[in-house]
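**Q** sequence first, then the predicted structure:
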Amino acid sequence: MLFFTRFTNTSNKFIQNFFLKSGLRNTARRAFTLVEVLVVLILVVFILSWSTRKMFSQKGKIRTSFQVLNRLNRSLDNRARLHGKTYRLVLKLNPDKEPEEFWVEKKVEEAFVPDKMILKNPGTLHPLLSITSAESEEWEETKTEGVIHIHYHPRGLGQEVALHLERWDTKARWTIYFDPITRELSVIDKHVTLKEMQEDL
């Protein structure tokens, strides 16, 4: 009987210790899992915030490219009227995902020469931007590669041009329209052909 009582007490202590230790281990495991979840959440928040900042930064730089072209358009138009000279904006289309270059030329006698008074060195569009095509009634066909010229004459209407741009990573599209009457530049958040622009006007 005494042996049975001691055996029972020993068994109870063993069972209590077993469940106590198991409970502690489960608690430790639960705590460790929570730490892991918190670490993962922090990493996710950090990555999202970093990617969002980068996305808005890229949008700002792309917007700057449009602003540069707009200022250049106004400058060339004003100089053509003021000096009585013909200027032209030259854009080199690169279908191989290389940044498009642009520069300015002025007509001297019968030839066009680079004008570094307006633009010292050739500029480039944002690396994520590409001019997929360009339209003008002065050209026989739509341009998709090579060099295009947008002329600014001292008098009369401006050259009507529609540049179609695309962002490589998101496939977002824009149209830069050179209005021949107002001689202003406008940016449209979609691909619009020159014919569609003329019909809307």
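**A** Received the coordinates, thanks.
**Q** where do the helices sit along this protein?
**A** Residue ranges of the helices in the chain, as given by DSSP state H, are 2-83, 194-200.
**Q** ranking those helices by mean pLDDT, which is last?
**A** Ranked by mean pLDDT, the helices of the chain bottom out at helix 2-83, with a mean of 65.
**Q** list the contacts for K190?
**A** By Cβ atoms under 8 Å, 6 or more residues apart in numbering, K190 lies in contact with 173-175. (Each C-beta comes from the backbone N, C-alpha and C, glycine too.)
**Q** and the closest residue to L157 other than its chain neighbours, how far from M197?
**A** Leaving aside its sequence neighbours, L157 sits nearest to P180 (Cβ to Cβ, 6 or more residues apart in numbering; 4.4 Å). As for P180, its distance to M197 is 11 Å (criterion: Cβ to Cβ, to the nearest Å).
**Q** please apply the same query to V37.
**A** From V37 to M197 the distance is 54 Å (Cβ to Cβ).
**Q** L38: neighbour count?
**A** Using other Cβ atoms under 10 Å, L38 has 10 other residues around it.
**Q** gap between it and V90?
**A** Distance of L38 to V90, computed by Cβ to Cβ: 56 Å.
**Q** swap in K195?
**A** 25 Å.
**Q** also E105?
**A** Counting by Cβ to Cβ, the gap from E105 to V90 is 6 Å.
**Q** returning to what we had before: what about the residue nearest to L157, how many neighbours?
**A** With other Cβ under 10 Å as criterion, P180 counts 16.
**Q** try H151
**A** 18.
**Q** surely it is in contact with D77?
**A** No - H151 is beyond contact range of D77, at 10.6 Å (criterion: Cβ atoms under 8 Å).
**Q** looking at the residue nearest to T124 when sequence neighbours are not counted now. What's its pLDDT?
**A** Setting aside the residues directly before and after it, T124 is nearest to P99 in space (Cβ to Cβ, 6+ apart), at 4.1 Å. Note for P99: predicted pLDDT of 82.
**Q** which residues are in contact with P99?
**A** 124-127, 129.
**Q** distance check, it against L194.
**A** As defined by Cβ to Cβ, P99 lies at a distance of 25 Å from L194.
**Q** do the same with L185
**A** Taking Cβ to Cβ, one finds L185 at 14 Å from L194.
**Q** looking at those two, which is more packed in?
**A** Set side by side, L185 and L194 show more neighbours around L185, with 21 against 18, by other Cβ under 10 Å.
**Q** run through the bridge partners of the more buried one.
**A** F178 (DSSP bridges).
**Q** show me what contacts it?
**A** 69-70, 73-74, 176-179.
**Q** only the buried subset of those, as a PyMOL command please.
**A** Applying 16 or more other Cβ atoms under 10 Å to those, the buried members can be selected in PyMOL as follows:
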select buried, resi 69+73+176+177+178+179
